[in-house]
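[1] output the structure for:
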Amino acid sequence: MKNFVIVVLSMLPLPALAHQGDHTGFDWAGLLAHVFETDHMVFAAIAVVTGILCFRAGRRAEAKAMAKRHQGDRP
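    Next comes the predicted model:
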C-alpha cells in the first residue's frame, strides 16, 4: 500500500518551479523554445546515448547468462 501511495503521488501534475516567474500559462512557442535550447538538446542526447549503452549492456549480459546456462547442459 505504501508503494501505491508513492506511485500515485509521483504522478500528480505539480509544477517544478525551477525558474522564477509565473508558471500558470502555457504556450507552444515557449515550449518549443525551451525544448530546443542548446543545453537541453545536449542533455537529451546524453540521455539517449546512455539508454542505448544500457540496453546494449543488458543484452550482452543476457546473452552471456544464456550461454552460461546452456554450457551447463552439455555432457
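[2] spatially central residue for this protein, please.
    Centroid-nearest residue in the chain: residue 47, 7.1 Å away (criterion: C-alpha atoms, centre = their mean).
[3] quick one, helices of the protein?
    Taking DSSP state H as the criterion, the chain carries its helices at 2-10, 28-35, 38-71.
[4] which other residues reach the shortest one?
    It refers to helix 28-35. With C-beta atoms under 8 Å, 6 or more residues apart in numbering as the test, helix 28-35 has contacts from 40-41. Every residue, glycine included, has its C-beta placed from N, CA and C.
[5] that helix vs helix 38-71, what angle?
    Computed by axes from the mean of the first three to the mean of the last three C-alpha atoms, to 10 degrees, the angle separating helix 28-35 from helix 38-71 equals 60 degrees.
[6] reformat the helices of the chain as CSV; add mean pLDDT and distance to residue 20.
    Putting the helices of the chain into CSV (pLDDT from 0 to 100; distance: least, C-beta to C-beta, whole Å) gives the following:
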stretch, mean pLDDT, distance to residue 20
helix 2-10, 81, 25
helix 28-35, 84, 15
helix 38-71, 93, 18
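[7] related to what we said a few turns ago, tell me how far the residue nearest to the centre of the chain lies from residue 33.
    20 Å (C-beta to C-beta, to the nearest Å).
[8] swap in residue 66?
    47 Å.
[9] and for residue 3?
    From residue 3 to residue 33 the distance is 38 Å (C-beta to C-beta).
[10] of the two, who's got more company?
    Between residue 3 and residue 33, counted using other C-beta atoms under 10 Å, residue 33 has the larger neighbour count: 10 against 7.
[11] any idea how far residue 41 is from the more buried one?
    Residue 33 is 12 Å from residue 41, by C-beta to C-beta.
[12] residue 66 now?
    For residue 66 relative to residue 41 (C-beta to C-beta), the value is 38 Å.
[13] now do residue 48
    Distance of residue 48 to residue 41, computed by C-beta to C-beta: 11 Å.
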